[in-house]
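K.L.:
Make a model of this:
(2 chains)
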Protein chains: 2
Amino acid sequence: MSVETLSGQSEKAYALLREDAQKILKLIEVQMANLTMPQCPLYEEVLDTQMFGLSREIDFAIRLNLIQEEDGKELLGQLERQLSALHDASIKK
Amino acid sequence: MSVETLSGQSEKAYALLREDAQKILKLIEVQMANLTMPQCPLYEEVLDTQMFGLSREIDFAIRLNLIQEEDGKELLGQLERQLSALHDASIKK
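P.N.:
Below you'll find the predicted structure:
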């Protein structure tokens, strides 16, 4: 295995986590565009499961000292705010 | 940030994933001992969510080149076999 510094791995971890957060946002956007019912229990379940998966990835990266705990919380918080804005916009339609 | 080799991080990643798999097994053991109904939908849901979380962690570790794809699959497969044995033993009681 090649010798890399932890800092390169850390950057990659951040990039992957941001990518995964974006994927969740896209998935929810597509769901909303096609189902147009954010109050649907299935929608809630998909969202909860996806958020749980991302939080497990973030926790794993923190335990490997690849990302800071604060940054992980901020990433999840930011995604929650974006999803919430998307949800509000969809209700107002 | 300190300079570590990838191989140290890799060992830590394997250890964390094995630990998380053990936690899921323990959780299900405790659930079975206390609820004694593996056919309960809540049990299925908890298990599915936990397995999804672990599979996200494993996938993340693979993408960071910390673990081999084959090893990740084997870890999940092993846990599934252990859970299945636990489930069978509980039904026979």
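K.L.:
Was I right to think A:F60 contacts B:L16?
P.N.:
Yes. Contact criterion Cβ atoms under 8 Å: A:F60 and B:L16 qualify, at 6.5 Å. Quick note: C-beta positions are derived from backbone N, CA and C, even for glycine.
K.L.:
So for these two, which residue has more residues nearby?
P.N.:
The neighbour count for A:F60 versus B:L16, taken as other Cβ atoms under 10 Å in any protein chain shown, is higher for A:F60 (27 against 17).
K.L.:
Which neighbouring residues are in contact with the more buried one, exactly?
P.N.:
B:16, B:20, B:57, B:60-61 (Cβ atoms under 8 Å, 6 or more residues apart in numbering or on different chains).
K.L.:
how about stretch A:15-35 as PDB, C-alpha atoms only?
P.N.:
Taking Å, rounded to 0.1, in the frame of the first residue of the first chain, the C-alpha atoms of stretch A:15-35 are listed here in PDB:
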ATOM      1  CA  ALA A  15     -15.200  15.400  -0.500                       C
ATOM      2  CA  LEU A  16     -17.000  12.000  -0.400                       C
ATOM      3  CA  LEU A  17     -19.200  13.100   2.500                       C
ATOM      4  CA  ARG A  18     -20.200  16.400   0.700                       C
ATOM      5  CA  GLU A  19     -20.900  14.300  -2.400                       C
ATOM      6  CA  ASP A  20     -23.100  11.900  -0.400                       C
ATOM      7  CA  ALA A  21     -25.000  14.800   1.100                       C
ATOM      8  CA  GLN A  22     -25.600  16.200  -2.400                       C
ATOM      9  CA  LYS A  23     -26.900  12.800  -3.500                       C
ATOM     10  CA  ILE A  24     -29.500  12.800  -0.700                       C
ATOM     11  CA  LEU A  25     -30.600  16.300  -1.700                       C
ATOM     12  CA  LYS A  26     -30.900  15.300  -5.300                       C
ATOM     13  CA  LEU A  27     -32.800  12.100  -4.400                       C
ATOM     14  CA  ILE A  28     -35.300  14.100  -2.300                       C
ATOM     15  CA  GLU A  29     -35.600  16.700  -5.000                       C
ATOM     16  CA  VAL A  30     -36.500  14.000  -7.600                       C
ATOM     17  CA  GLN A  31     -38.900  12.400  -5.100                       C
ATOM     18  CA  MET A  32     -40.700  15.700  -4.600                       C
ATOM     19  CA  ALA A  33     -40.800  16.600  -8.300                       C
ATOM     20  CA  ASN A  34     -42.400  13.200  -9.100                       C
ATOM     21  CA  LEU A  35     -44.500  12.400  -6.000                       C
END
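K.L.:
Much appreciated, bye for now.
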